[in-house]
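1. Predicted model and sequence follow; I will ask about them next.
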Amino acid sequence: MRTRRSAEADEPNTTSATESADHSLEEQRGLVEFDIGIGCQSKTGTLVRSLYNAAADSAIDDFLKKSRFYDLKQRHWKLPRNFSKLLDGNACKPFFSIVSSIVKHFWGDATAEGTRQVVDTHATDFPHVEKDYENHISHPSIAIKAVGPSFELPYSEASDKIGEIGFTNVTTCIEVYVKGDELDAVEQAFRVGIYARQVFIQQPNRKFVRMLFMTEKLVRLFHFDRSGYQCTRLIDFHEEPHTFVRMIVRVSSPNESDLGLDTSIQWEIENGRKIRGTVTTIEGDGKTVKVYPMRYLEPCLYRRSMVADGTVVWEVKDPKMGEKVLIKDFWREEDRDCEGKHLERALGVPGVAQMISYEDNRGTTKVLRGYKDDEIVTKTKLFKNRTLSRVVMEAYGESIFHFTDAKQVLYVFRDAIAGHFNILKAGSLHRNINLMNIVHGKPGAQPGNRGLLVNFDAATFYDPENKSGTPTDTSIGEPSWQSMMALLSRGLQERALIHDDSDDLEAFLYVYAHIIYHRDSNGGSHPPPEEYYCPLLAWQEFPDKPETVAMLKRDWLQKWTEGLTRDIHARWPEPCLFVLRNFRAYMDQIANGIKIHVLTEKPENGEQVLDQMRLNYEKHYEWVLLFFDEAIESLEKAEAATDIGDDGDDDEGGEGGEAAENGEDGENDESPESGEDTEDGAADEDPEADENDEAVENGESGEVGEKDESRENGEGAEDGEADEDADEDAEADEGTETGSVDENGEDGAAEAGETGGAAEAAEDDDDDDDDDAPPSPCPPPGAGGNRLKRRRQDEDEDEERPRAPKRPALNGPGSASWNDPTNPFLNPPAGA
């Protein structure tokens, strides 16, 4: 086995078919290191026993008697005594002859028809398909070439040519290593595991792959599946010819299911290449068969790691309606819930992927390894039984990673979070929020479905009122998106907290922060300079140290300005940063202010505090969704103002005119569900105002407003941080407070408050020498207040604008305000 790099060195091959591979093994083994770390030798012999039905003893006896390659008296296959003295230096040739004779005897028809053929491939390039190693190739010693509905001739992008044999059209690979007894099982697994990985990738309907490792005396069979690998003991194939023959017969079988191929996924082959394909499913009644034509010959999503859920997603077409549909195959851990059962609860729920049908228990890894279906196999670090499941669902847009404007980002997050809330009320908790599981809705989707949550394969059933849930688990998801409690769960072990709604909301925050830090509002990529410390990138640097990542996230939640540079402020409108500030502050209250405090300080009422917090889950969503609704309203108003300005102040024209028409009395007719603004508001009065100023004003208004009332409730400003313009902002906010809090709901009070606030703001402008200074690269909460106060003077005084709620003080259990009935974390809903 060699890569292209090592192939350039013309080294002699006199003692081993793979000795020259040693220079390139290190490049390849890094890709399978994790997979090979989860495997073991079969101590019960189940793997060997699973081969018994491959061929009867009598049939094997008959072959051995007739074979010119096996000496019954000497009980020895005919192999050279000294491989170093071979004239052509090809150590594979004698093994090739033996294997070929077995395949021809037992599968005569298949070999005659050319559907199975043993090939000496030690000098043949097998192209790899790897994202970061496009030019990698390898050279298995021997391979069994196949023709059938799951195989096609290989195509090499490097050479732009179609080959005769590669990982796309082999049933197995046999690695020959003479004088190789010194290699242990793990090293052998590395060598054939590299081949197995490529077979999984290039034959995407594989359930398992089997490979052989041979020396001049011994053979070992390796079985790779989504639970890891299992191997037989080293078998003397001279002394145990029946076992060896069965191995060869099984790995060369014309029956594709014997090879580990899923026959519900098939292709039509023309001139050796796939031209069209189908996926066959069973409908919800368990009887009706439905065949979906593939839209593309390759899956639209494929997980390349061998050991995992092995997710493969096919984009197909509904045979009747012609609509695009997705079919997802994956291997869930035995003790996890079936995704289809969660998606059943989501039927008709906005903001969540909609399922068409599902199949569970399509196979298990323990049965693939030779165990009986009802046999109990103990879960260990080296083996976790997995079950194959299939879900058919409606197709949606791309992940949130792909967007074209800031409003799209807010829409998608807002509706996906609302969808998370909706499915949580139905009793399901997602547990794996990440960049790929938040997607755009269908083109033209209505509010509520502009963003959706997908992939519920890690979901669990959850009921905060009955205190039922599943502990946080470091193994679910990736460190970049995991909550602090999930990251700490490995070290906490039995003290790990239940995975609750706030863990998923925290993950939503990290995905949102990733978008803000690393993209611009038009979707362009902005990786931070190498010399610049980015806290979010630091979370990716410790994949094996979740506790370290948890502490980094704790610091980021507390020191939110770290990494939020002037560049980020320049490429995102203020309402989007408003969401980041408020969302972060709110999750800091829960993650650090409550959970970390309970774990570190261990108060006597710690469990009660956590229970009360979980009972308050509805309030968590109300706040977070309100942050997004405020920002969306602000962007929509800024957009409407721009449109009206372009139309020459025509109130009846464009989007802004329609908004004004719908809001005749200047009242806000916003829908809390959609977050859409239906009123033009103050935009009509000043169409030529700076659009950016409008966005800043709307984004900041909820943050800096209502400080007087928060003081009365014992609440401080965000994070209790001092603001350089605190006195100035406080005076302006007094006027705002008067207008926003009106017990009788009368417009007159609102008008008076707005007018008073604007007047005071105008007076303060003259006293501030730094009004026109550029904003700080890392502004504290409430920055930008000067421009806000100037714009407020020009607002429609009759407008009653919604405010973001006051954030609670950063006071944890034991503080003076902890038992305050206004505390939004511990004040459960009425009747709870």
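-> Structure received.

2. In this structure residue 543 contacts residue 479, no?
-> Yes: contact between residue 543 and residue 479 holds when scored by Cβ atoms under 8 Å: they sit 6.0 Å apart. Yep, even glycine has a C-beta here, placed from its N, CA and C like the rest.

3. how much space is there between residue 207 and residue 198?
-> Counting by Cβ to Cβ, to the nearest Å, the gap from residue 207 to residue 198 is 16 Å.

4. Who has more neighbours out of those two?
-> Neighbours per residue (other Cβ atoms under 10 Å) separate residue 207 from residue 198, with residue 198 holding more: 28 against 20.

5. Which neighbouring residues are in contact with that one, exactly?
-> For residue 198, the contacting residues are 126, 128-129, 138, 167, taking Cβ atoms under 8 Å, 6 or more residues apart in numbering as the criterion.

6. Between residue 543 and residue 479, which is the more surrounded one?
-> When neighbours are counted by other Cβ under 10 Å, residue 543 and residue 479 differ, and residue 479 comes out ahead with 22 against 11.

7. Shouldn't the more buried one be within a helix?
-> No: per DSSP: H, G, I helix; E, B strand; the rest coil, residue 479 lies outside any helix segment and is coil.

8. For it, which non-adjacent residue is closest in space?
-> Spatial nearest neighbour of residue 479, chain neighbours left out: residue 549 (4.5 Å); criterion: Cβ to Cβ, 6 or more residues apart in numbering.

9. and what of residue 242?
-> The shortest distance from residue 242 to any residue that is not its chain neighbour, by Cβ to Cβ, 6+ apart, is 5.0 Å, and that residue is residue 60.

10. Equivalent analysis for residue 397, please.
-> Nearest to residue 397 is residue 440, by Cβ to Cβ, 6+ apart, at 3.0 Å.

11. Mind listing what's buried along the longest helix anywhere in the chain?
-> In the chain, assigned by DSSP state H, the helix with the most residues is helix 617-646. Of the residues in helix 617-646, those buried by neighbour count under the rule 16 or more other Cβ atoms under 10 Å are 617-621, 623-645.

12. picking that back up, what about the strand or helix carrying the residue nearest to residue 242, average pLDDT?
-> Element membership for residue 60, per DSSP states H and E: helix 57-66. Averaged across helix 57-66, the pLDDT comes to 96.

13. what does it contact?
-> Residues beyond helix 57-66 that count as contacts (Cβ under 8 Å, 6+ apart) turn out to be 70, 72, 102, 105-106, 241-242, 245-246.

14. Verify the stated contact: residue 100 with residue 118.
-> Yes: the criterion here is Cβ under 8 Å, and residue 100 meets it with residue 118 at 4.0 Å.

15. Have a look at those two and say which one is more surrounded.
-> residue 118 (23 against 20).

16. How far away from the center of its chain is the helix or strand where that one lies?
-> Secondary structure assigned from DSSP H and E places residue 118 in strand 116-120. Strand 116-120 sits 39 Å away from the centroid of its parent chain (Cα atoms, centre = their mean, to the nearest Å).

17. counting contacts, what elements does it pack onto?
-> Counting contacts by 3 or more Cβ pairs under 8 Å, 6 or more residues apart in numbering; DSSP states H and E, strand 116-120 is packed against helix 92-106, strand 142-146.

18. Quick one: the ones you listed as TSV, columns for mean pLDDT and distance to residue 45 too.
-> Shown next, in TSV, are the helices and strands packed on strand 116-120 (pLDDT from 0 to 100; distance: least, Cβ to Cβ, whole Å):
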stretch	mean pLDDT	distance to residue 45
helix 92-106	96	22
strand 142-146	98	25
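
19. Packed most tightly, which of the ones you listed would that be?
-> strand 142-146 (a mean of 24; mean count of other Cβ atoms under 10 Å).

20. residue boundaries of the helices in the stretch 551-700 of the chain?
-> In chain order, the stretch 551-700 of the chain shows helices spanning 566-571, 574-590, 597-601, 606-615, 617-646, 654-662, 691-704, with DSSP state H, counting those that start in this stretch as the criterion.

21. Residue 270: which of the ones you listed is closest?
-> helix 566-571 (49.7 Å; Cβ to Cβ).

22. Averaged pLDDT, that closest one. What do you get?
-> Averaged over helix 566-571, pLDDT sits at 88.

23. helices and strands around it, which ones?
-> Judged by 3+ Cβ pairs under 8 Å, 6+ apart, helix 566-571 has no packing partners among the helices and strands.

24. quick one: buried residues of it?
-> Within helix 566-571, the residues scored as buried using 16+ other Cβ under 10 Å are 568-569, 571.

25. which stretches of the stretch 551-700 of the chain aren't confidently modelled?
-> Low-confidence segments of the stretch 551-700 of the chain, defined by pLDDT under 70: 560-563, 645-700.

26. by contact count, what packs against the longest helix of the chain?
-> In this structure, helix 617-646 packs against helix 406-425, helix 501-518, helix 574-590, helix 654-662, helix 691-704, with contacts taken as 3+ Cβ pairs under 8 Å, 6+ apart.

27. measure the nearest residue to residue 46 once chain neighbours are set aside to residue 334 for me?
-> Residue nearest to residue 46 in three dimensions, not counting chain neighbours: residue 370, with 3.5 Å by Cβ to Cβ, 6+ apart. Going from residue 370 to residue 334 by Cβ to Cβ gives 17 Å.

28. out of the two, which sits in the busier spot?
-> Neighbour count, other Cβ under 10 Å: between residue 370 and residue 334, residue 370 has more, with 19 against 15.

29. pretty sure that one is touching residue 49, no?
-> Yes: the pair residue 370 and residue 49 passes the contact test of Cβ under 8 Å, sitting 5.6 Å apart.

30. Bridged to residue 471, which residues?
-> residue 498 (DSSP bridges).

31. what's the neighbour count on it?
-> Applying other Cβ under 10 Å, we find 16 residues neighbouring residue 471.

32. need the contact list for it.
-> The contact partners of residue 471, by Cβ under 8 Å, 6+ apart, come to 489, 496-499.

33. again, but for residue 250
-> Taking Cβ under 8 Å, 6+ apart, we find residue 250 in contact with 51, 54, 210, 258.

34. close enough to count as contact, the second one and residue 243?
-> No: at 10.1 Å, residue 54 does not count as touching residue 243 under the criterion of Cβ under 8 Å.

35. Let's verify the nearest residue to residue 361 once chain neighbours are set aside: helix, strand, or coil?
-> The shortest distance from residue 361 to any residue that is not its chain neighbour, by Cβ to Cβ, 6+ apart, is 5.8 Å, and that residue is residue 387. Secondary structure assignment for residue 387 (three-state DSSP): strand.

36. Show the contacting residues for residue 490.
-> 474, 546-547.

37. Now do the buried residues in the helix or strand containing it.
-> The secondary structure element spanning residue 490 is helix 484-492 (assigned by DSSP H and E). Taking 16+ other Cβ under 10 Å as the basis for neighbour counts, the residues of helix 484-492 that come out buried are 484-489, 492.

38. In a markdown table, list those along with pLDDT.
-> Compiled in a markdown table, these are given as follows (pLDDT from 0 to 100):
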| residue | pLDDT |
| --- | --- |
| 484 | 97 |
| 485 | 97 |
| 486 | 96 |
| 487 | 96 |
| 488 | 96 |
| 489 | 95 |
| 492 | 92 |
